[in-house]
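> Give me the fold of what follows.
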Amino acid sequence: MNDKNKIAFYNLPWDTDYFKISCAKAVLHTSLELEQWSQLKEKFKDYQFVSIQNTNSEPFNARLIGRDTNAFLADVNIQFIKKLENRHIMPEMIKIYQNLNYNKKIIEMSNFQISKFIEDPELKKRGGADVYRHWVINSFNNEEKYFAISKDNNNEINGFLLHSYFNGSCIIELIAVSNTEKNSGIGTNLFKAIEVAAFEHACKEIKVGTQVRNSAAVNFYHKAGCKQVGCHQVYHLWGIQNV
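So this is what the prediction gives:
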């Protein structure tokens, strides 16, 4: 396996612009050799913030990160897949929208409390609490983004599921339900709705990731029939002297 297959390293232009610091991401696909690790550490010096994904929480890489850097474990990301085999019926009160116009209600619902952007104090003080709201705003009027929207009997939005399509898969990006409608089955119906939409897009599977600490989300995806396929450590490395 060559270096490119073991490591992916790239700039994060959106994060750099938003947080006003130079940002990059390193993805460690498999166990590194010491020479590769040394070269990667040199790249870290050019950035004020680097997110390091240790794919499948590879123990050797975790030891290298802990031994040679001041990076801390900010997240453990659980990846799920659900295979699509049968056609389903679209639940009532839910519709799918592509290229959706700006919607204030959806933005108000995008208040996610478990997030590495909040739990990392350096990101939080740079506006981390608003990252997901900006994610949603950037998804409006975008041909590549789809919203499954649930409405109540008064035609008021009480839940949404933002998703997209890539390489034959449906990717769940964000899901939210109104605080007054928790445990009402809206989330389950939203998931069923994109099963219908994904099947119609000839997708073979639905993919989604969430934090291991978000037990409600982990349980939800298990209940929806998803299978865990990955568990990735995410470290945050700050070049504090450059911040």
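> if I look at residue 198, how far off is residue 88?
From residue 198 over to residue 88 the distance is 10 Å, taken as C-beta to C-beta, to the nearest Å. In short, each C-beta sits where N, CA and C put it, glycine included.
> between those two, which one's more packed in?
Taking neighbours as other C-beta atoms under 10 Å, residue 198 and residue 88 compare with residue 198 leading, 24 against 14.
> confidence score at that one?
The model reports residue 198 with a pLDDT of 96.
> Spell out the secondary structure type for residue 14.
helix (DSSP: H, G, I helix; E, B strand; the rest coil).
> Identify the residues contacting it.
Contacts of residue 14 were listed using C-beta atoms under 8 Å, 6 or more residues apart in numbering, and none were found.
> Check residue 231 too.
Taking C-beta under 8 Å, 6+ apart as the test, what residue 231 contacts is 56, 57, 76, 77, 78, 79, 212.
> excluding its backbone neighbours, what's nearest the second one?
Computed as C-beta to C-beta, 6 or more residues apart in numbering, the closest residue to residue 57 that is not its neighbour in sequence is residue 233, at 4.7 Å.
> That neighbour contacts residue 54, correct?
Yes: with contact defined as C-beta atoms under 8 Å, residue 233 counts as touching residue 54 (4.1 Å).
> got any residues that touch both of the two?
Common neighbours of residue 233 and residue 54 (criterion: C-beta under 8 Å, 6+ apart): residue 62.
> Neighbour count: those two, which is higher?
residue 54 (26 against 21).
> who's that one bridged to?
Assessed by DSSP bridges, residue 54 has beta-bridge partners residue 28, residue 233.
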